[in-house]
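Colleague: Take a look and give me a structure for this.
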Amino acid sequence: MAQNTEKKKRSFFDRMLDSIEFAGNKLPDPIVLFIILCGIALAASFVTSLFNVSAIHPVTGETVKATNLLTGDGLVNILTNSVTNFSSFAPLGMVLVMMIGIGLAEQSGFFAVLMKRAVMATPKKLIIPSVILIAIIGNAAGDAGPIVLPPLAAVVLMAFGYHPLVGLVVAYASTLGAFAANLIIGMSDTLVAGFTGPAAQTVDPSYVANPAMNYYFIAVSTVVLLFVSLWVTHKFTIPRFGTYTGEIEEMEVVSSEEKRGLRWAGISVVVFVLILLAMIIPENGLLRNPETGSIIEGSPLITGIVPLLTIFFFIPGLFYGIGSKSIKSSKDFGNMLGKSMSTMGPYIVLVFFAAQLLSFFAASNLGPIIAIKGANILDSAGITGIPLIVLFIIFVACVNLLIGSASAKWAILAPIFVPMFMYLDYDPAFTQAIYRVGDSITNPITPMLPYLVLLLSFAKKYDKNIGLGTLISALFPYTVFFGIVWIILVIVWYLLGFPVGPEGPIHL
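Modeller: Numbering: from 1, shown residues only. Prediction:
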């Protein structure tokens, strides 16, 4: 009977996964999707202008009318401004600069060995919470998190008497399900802020988004989700997989060269942090606002956060590479930087078309009109406050099942929802924060992320008969309870009125 029940459970998740995968695969590549959306925006500008579609701006009282971009002048503007739209698009510069530091730290092996060292040095009683914390923080390491940590956690937990699939599942679910949580500001913060800024500027041209504007919220989320993941692991995951009867795999030790590299990297980070503190702590510190002395508002610390973060990742990546001898010459150094940047090719192309789409929304007034009318509909229907927040998070979580790329989703959604929420008096930083919750919670179970298939290949090493359905059923509780608790945290945060980060209030 137990076998039949398990089979039915697996069949249910298999069907659910097949449906998601089928629908997701029907969508074109994100780059092609943006090309299609650009075409739709141009056609929509023609149709809406033909029917004189307009909206009343709630702040200025002016009438915003749809503008046809498919006129002679409109086509000339598209042609002459396309390069400027691309080159002046804020996310491009921020992300590429950040990638210099993060890319070197990843390519030199610093991130991978740091994770391995941290996990292997942990006492048994703390091993599972440590794996979870490292997994959440590992988001800042880019692909190193979901690729390196799950198989490492499997081996480590197996050595401590747990089933290796427990390590795979908890590391994968914590890395991706808590994707928007962290104690470190990283690439994902830079990515989303880059799209939030231009979207907000369609309403307030003076608005400036900074990558740290969600930091308070994501830092607290790290602690909360650590305990949620720990509870789910002990409540569901460990009992589900039981005792492992296969061959116990030996852990690969950290070599002496890797240890030397970590020491050098650690010393370099301490020196950098001390220098940074010397420019922050004094009342006349170089990184404080020269007029008010503030560390946050209008300070070089916040406005220069991207290059500072780049240096923060770059320095240990470089010193680790030299110390471990993964960087033996300037050629190795150059190759690593070049290789890390080569991975950004698809993103650069996507940004080109995303920039054009934002430009079309602005020039045609489609963005403001949709946002104003959407805000009016929500307001008249009484859908504001907590119901609006919860519905938006659930909506994003469902979209995430079909479009895995966080940057692609936000590039599509930000031009509509950031202005819409601004008209409802919500600051773009808060809109971005709740978007990131929805974007994270269904990550563990979506087949649209390439890491899921890789996780399955790791799992087959320990259970050759395991399928995606079984794997998804083990990951599903993390999605459910991350979603429930994170939404509760958002509601409490909203009711208390705390800012979500530096220069990140809830209301305008």
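Colleague: could you say what helices and strands the strand or helix carrying Gly194 packs with?
Modeller: Assigned by DSSP states H and E, Gly194 belongs to helix 187-200. Judged by 3 or more CB pairs under 8 Å, 6 or more residues apart in numbering; DSSP states H and E, helix 187-200 is in contact with helix 90-107, helix 345-364, helix 406-423, helix 428-441. All C-beta spots, glycine's among them, are computed from the backbone N, C-alpha and C.
Colleague: so which of the ones you listed comes closest to Lys125?
Modeller: With respect to Lys125, and counting by CB to CB, the nearest of those is helix 428-441 at 28.2 Å.
Colleague: roughly how far out does that closest one sit from the chain middle?
Modeller: 9 Å (CA atoms, centre = their mean, to the nearest Å).
Colleague: What segments of the stretch 201-350 of the chain are helices?
Modeller: 215-232, 238-241, 256-278, 300-303, 305-324, 330-342, 345-364 (DSSP state H, counting those that start in this stretch).
Colleague: Need the residues that contact the longest one.
Modeller: Spelled out, that is helix 256-278. 109-110, 113-114, 117, 254, 285, 287, 308, 311-312, 315-326 (CB atoms under 8 Å, 6 or more residues apart in numbering).
Colleague: centroid residue for the chain?
Modeller: Residue closest to the average C-alpha location in the chain (CA atoms, centre = their mean): Ser188, at 4.1 Å.
Colleague: What are the phi and psi values at the closest residue to Met422 other than its chain neighbours?
Modeller: Excluding the flanking residues, the one nearest Met422 by CB to CB, 6 or more residues apart in numbering is Val203, at 4.8 Å. Main-chain torsions, Val203, degrees, to the nearest 10: phi -100, psi -50.
Colleague: burial measure for Val203, as a count.
Modeller: Under the neighbour criterion other CB atoms under 10 Å, Val203 is assigned a count of 22.
Colleague: Report the contact partners of it.
Modeller: 368, 371, 418-419, 422-423.
Colleague: coming back round to it: please identify which of the helices and strands packed on helix 187-200 is closest to Ala219.
Modeller: That would be helix 428-441 among the helices and strands packed on helix 187-200, by CB to CB, at 11.8 Å.
Colleague: just checking, what packs against the closest one?
Modeller: By 3+ CB pairs under 8 Å, 6+ apart, helix 428-441 packs against helix 164-177, helix 187-200, helix 215-232, helix 385-400, helix 406-423, helix 468-496.
Colleague: Please identify the deepest-packed of the ones you listed.
Modeller: helix 164-177 (a mean of 29; mean count of other CB atoms under 10 Å).
Colleague: what is the orientation angle of that one with helix 215-232?
Modeller: If you take axes from the mean of the first three to the mean of the last three CA atoms, to 10 degrees, helix 164-177 sits at 160 degrees to helix 215-232.
Colleague: what is the orientation angle of helix 164-177 with helix 428-441?
Modeller: 160 degrees.
Colleague: between helix 164-177 and helix 468-496, how big is the angle?
Modeller: Using the same axes, to 10 degrees, helix 164-177 lies at 40 degrees relative to helix 468-496.
Colleague: distance between helix 164-177 and the chain's centre?
Modeller: 17 Å.
Colleague: Could you list every helix and strand that it packs against?
Modeller: Counting by 3+ CB pairs under 8 Å, 6+ apart, helix 164-177 packs on helix 127-137, helix 144-159, helix 215-232, helix 238-241, helix 428-441, helix 451-459, helix 468-496.
Colleague: Out of those helices, the one nearest Phe46 is which?
Modeller: helix 428-441 (29.6 Å).
Colleague: so how far is the one helix or strand Ala41 maps to from its chain's centroid?
Modeller: Assigned by DSSP H and E, Ala41 falls within helix 30-50. Taking CA atoms, centre = their mean, one finds helix 30-50 lying 27 Å from the centre of the chain it belongs to.
Colleague: Can you name the element that comes right after it?
Modeller: Following helix 30-50 toward the C-terminus (DSSP H and E): strand 54-56.
Colleague: Now the very next helix or strand once past that following strand: average pLDDT?
Modeller: Per DSSP H and E, the first helix or strand lying C-terminal to strand 54-56 is strand 63-65. Mean per-residue pLDDT for strand 63-65: 81.
Colleague: What helices and strands are in contact with strand 63-65?
Modeller: strand 54-56, helix 366-380.
Colleague: Flag whichever of those has the least confidence on average.
Modeller: Of all the helices and strands packed on strand 63-65, helix 366-380 has the smallest average pLDDT, which comes to a mean of 72.
Colleague: So which bits of that one are buried?
Modeller: 366-376, 378 (16 or more other CB atoms under 10 Å).
Colleague: will you turn these into JSON lines that also has distance to Phe458?
Modeller: Listed next are the buried residues of helix 366-380 as JSON lines, based on distance: CB to CB, whole Å:
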{"residue": "Leu366", "distance to Phe458": "45"}
{"residue": "Gly367", "distance to Phe458": "43"}
{"residue": "Pro368", "distance to Phe458": "47"}
{"residue": "Ile369", "distance to Phe458": "48"}
{"residue": "Ile370", "distance to Phe458": "43"}
{"residue": "Ala371", "distance to Phe458": "44"}
{"residue": "Ile372", "distance to Phe458": "49"}
{"residue": "Lys373", "distance to Phe458": "48"}
{"residue": "Gly374", "distance to Phe458": "43"}
{"residue": "Ala375", "distance to Phe458": "46"}
{"residue": "Asn376", "distance to Phe458": "50"}
{"residue": "Leu378", "distance to Phe458": "44"}
